[in-house]
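**Q** Kindly return the folded structure for what I paste below:
(one chain, ligands or ions: 1)
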Amino acid sequence: MSRALVIAPGAVGYAAVRAGCSHSEVVRRPPTVLQPGQAMPPTSVAVVGFGRALAPDLVAGTVIVATEVRNGPAAVALPSANALAAAMIAAGLTVRTGPIVSADHPLSEVEARGLAEAGALAVDTESAELLSQVAGDVRAVVRVIVDGDDRALPRIAVPVAALGACRTLRRVASVLDWWGNAVRPRRVLLAGPRSFCAGVERAVRTVELALDRYGAPLYVRRQIVHNRLVVERLTRQGAVFVEELDEVPDGATVVFSAHGVAPAVHLEAQARNLQVIDATCPLVAKVHAEVRRFRRDDYEVMVIGHAGHDEIEGTMGESDHLRLLGGPEDVGAIDVAQGQRVAFVTQTTLALDEVAETVTALRARFPDLVGPRSDDVCYATQNRQDAVRAMAEDCDLMIVVGSTNSSNTNRLVEVSLRSGCPAILVDDASELDVRRLAEAGVVGVTAGASAPPELVEGVLELLAGLGPIDRSERSVADETLYFSLPQEVR
Ligand code: SF4
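**A** Below you'll find the model as predicted:
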């Protein structure tokens, strides 16, 4: 377990930090001058204490994790800020990240305003000097705001705010213990392939181009892909996400998501004179076509998938004679007439072994069972699972980037766990709790098919803020598939 060196120069702050740290070394001044690269594992050094607000919207008790410390024209960058901030947020603290200023004299109001306008969040008197005296591989500066927008409070309120800031500093100190533990050199194995698949690229691009062509508001039925950050970005660009078509004005343009819709939704859109742009993934559309073919040939069709998922809702809408199977345990309860032919299709984003178990149970009950001409579990789902399986045994922890409502992303977590590697699911780097990284010397990183590549880069940056990383890719497949765009946006 590595220990952080925590420098808390003020007497009150020092007492609070001492009370909050259980195993970091806490000092008021740097004991020695450390040399860069001197220690293995890397030395983590945090300068901690109180600060005064520069940004007008800061409130007392806010924790500032500095991304850089400015001192006149000089600035020291602190790349560990995001990792530390994520840990503070996970601990329930109110956190802002950004530059702070170290000033060697009391600031006039004009100076303070100028620094705030230049983006500085807070000011202290000693961070720059202390940082110049330590050269740990991973350094951080944390300040708890003692004034902020309560500057107009009566005098009696100020000690109350200071007491609250002391309590916050104690909590900050306990997070620094974890942060110190997490600082170490690491190997990072990147799964290949990871992140966007062809169907998601097509769906997201469809909305972007439709916004360009038709302008905002552009209605999108359901999340275009199951990723919170993609949906938030498109919302900012003018997309309006709705659950059902009755939320769309008559005659408006509406995009159908990558997960596909039931035929009844197409009919409703037609009746309402909506202009439809269908971003259904062609591989989902293939499953719909299989269902129609099986029904036309009078098969009883079993749909293997997860109840409530948008894709399953669309597929089940193809016919009233479909049965949804969540797993092999549902096979026993199937009630079909003697001699009835039985077929199956599957959701595109399931785990392959999960499907195999259900199909085996189905075949045991219906020896003449027929299935799709080619697997319904799509190439992207399969490749991403294979990549996780290929590297899981070499990793201490698997970080899976994606949203909790993304089916293929959840399957990556399950595949990793089944392969014996602990896994965590994060929407982006800000959700990564450094406590999980303490014991992880080899970290696997992957992303669901609906998670944009830049979110993976954010996670890598965060890991690099916790010590040197040796990064390599484990690739199991090259993906070159491309789906042409819907003609309305071509
Ligand atoms: S995961 Fe597969 S089915 Fe889903 S959008 Fe991507 S390519 Fe299409």
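**Q** How many residues are close by A46?
**A** Other residues near A46 come to 30 when the count uses other Cβ atoms under 10 Å. (Each C-beta comes from the backbone N, C-alpha and C, glycine too.)
**Q** do you know how far it is from V27?
**A** Relative to V27, A46 is positioned 11 Å away (criterion: Cβ to Cβ, to the nearest Å).
**Q** list residues touching both of the two?
**A** Common contact partners of A46 and V27 (Cβ atoms under 8 Å, 6 or more residues apart in numbering): 5-7.
**Q** The residues you listed in strands, which ones?
**A** 5-7 (DSSP state E).
**Q** quick check, nearest of the residues you listed to V172?
**A** Distance to V172, by Cβ to Cβ, is smallest for V6 among the ones in strands among the shared contacts of A46 and V27, at 9.5 Å.
**Q** Do I have it right that that closest one meets V26?
**A** Yes: using Cβ atoms under 8 Å, V6 makes contact with V26 at a distance of 4.8 Å.
**Q** Now do the SS call for L425.
**A** State at L425, reduced to three classes by DSSP: H, G, I helix; E, B strand; the rest coil: strand.
**Q** Can you point out the buried residues in the lowest-mean-pLDDT helix or strand in the chain?
**A** None of the helices or strands of the chain scores lower by mean pLDDT, DSSP states H and E than helix 157-182, at a mean of 85. When burial is assessed from 16 or more other Cβ atoms under 10 Å, helix 157-182 yields the following buried residues: 161, 165-166, 168-182.
**Q** which residues does the closest residue to the ligand within the stretch 301-450 of the chain contact?
**A** Proximity of the stretch 301-450 of the chain to the ligand (Cβ to the nearest ligand atom) peaks at C378, 3.2 Å away. C378 sits next to 197, 199, 281, 283, 348-349 when contact means Cβ under 8 Å, 6+ apart.
**Q** Just checking: what are the partner strands of the helix or strand following the least confident helix or strand of the chain?
**A** For helix 157-182, the following helix or strand on the C-terminal side (DSSP states H and E) is strand 186-192. According to DSSP bridges, strand 186-192 forms sheet pairs with strand 442-447 (parallel), strand 469-475 (parallel).
**Q** Show me which residues of this structure sit near the ligand.
**A** Taking Cβ under 6 Å from any ligand atom as the measure of proximity, the chain contacts the ligand at 197-200, 258, 281, 283-284, 348-349, 378, 380-381, 408, 449.
**Q** let's see 5 Å
**A** Residues of the chain lying close to the ligand (Cβ under 5 Å from any ligand atom) are 197, 199, 258, 281, 283, 348, 378, 380, 449.
**Q** Leaving aside the residues adjacent along the chain, what's closest to the fourth one?
**A** The one in question is C281. Residue nearest to C281 in three dimensions, not counting chain neighbours: G199, with 3.2 Å by Cβ to Cβ, 6 or more residues apart in numbering.
**Q** about what we covered before: out of the strands paired with strand 186-192, which is the most enclosed?
**A** strand 442-447 (a mean of 24; mean count of other Cβ atoms under 10 Å).
**Q** name the helices or strands packed onto the helix or strand just after that strand?
**A** Per DSSP H and E, strand 442-447 leads on to helix 453-464 as the next helix or strand towards the C-terminus. Counting contacts by 3 or more Cβ pairs under 8 Å, 6 or more residues apart in numbering; DSSP states H and E, helix 453-464 is packed against helix 81-90, strand 186-192, strand 397-401, strand 442-447, strand 469-475.
**Q** Next secondary structure after the second one?
**A** Spelled out, that is strand 186-192. Past strand 186-192, the next helix or strand by DSSP H and E is helix 198-214.
**Q** Ok, the first one next?
**A** Where DSSP H and E defines the elements, the next helix or strand beyond helix 81-90 is strand 95-102.
**Q** rewinding a little: what score does the residue of the stretch 301-450 of the chain closest to the ligand have for pLDDT?
**A** Predicted confidence (pLDDT) for C378: 96.
**Q** Adjust the sequence numbering to begin at 19 for everything that follows.
**A** From this message on, residue numbering opens at 19, which makes the last subject C396.
**Q** Break down the stretch 19-168 of the chain into its helices, ranges please.
**A** 29-38, 99-108, 127-135, 145-151 (DSSP state H, counting those that start in this stretch).
**Q** do the same with the stretch 319-468 of the chain
**A** With DSSP H, counting those that start in this stretch as the criterion, the stretch 319-468 of the chain has helices spanning 328-334, 370-383, 397-410, 425-436.
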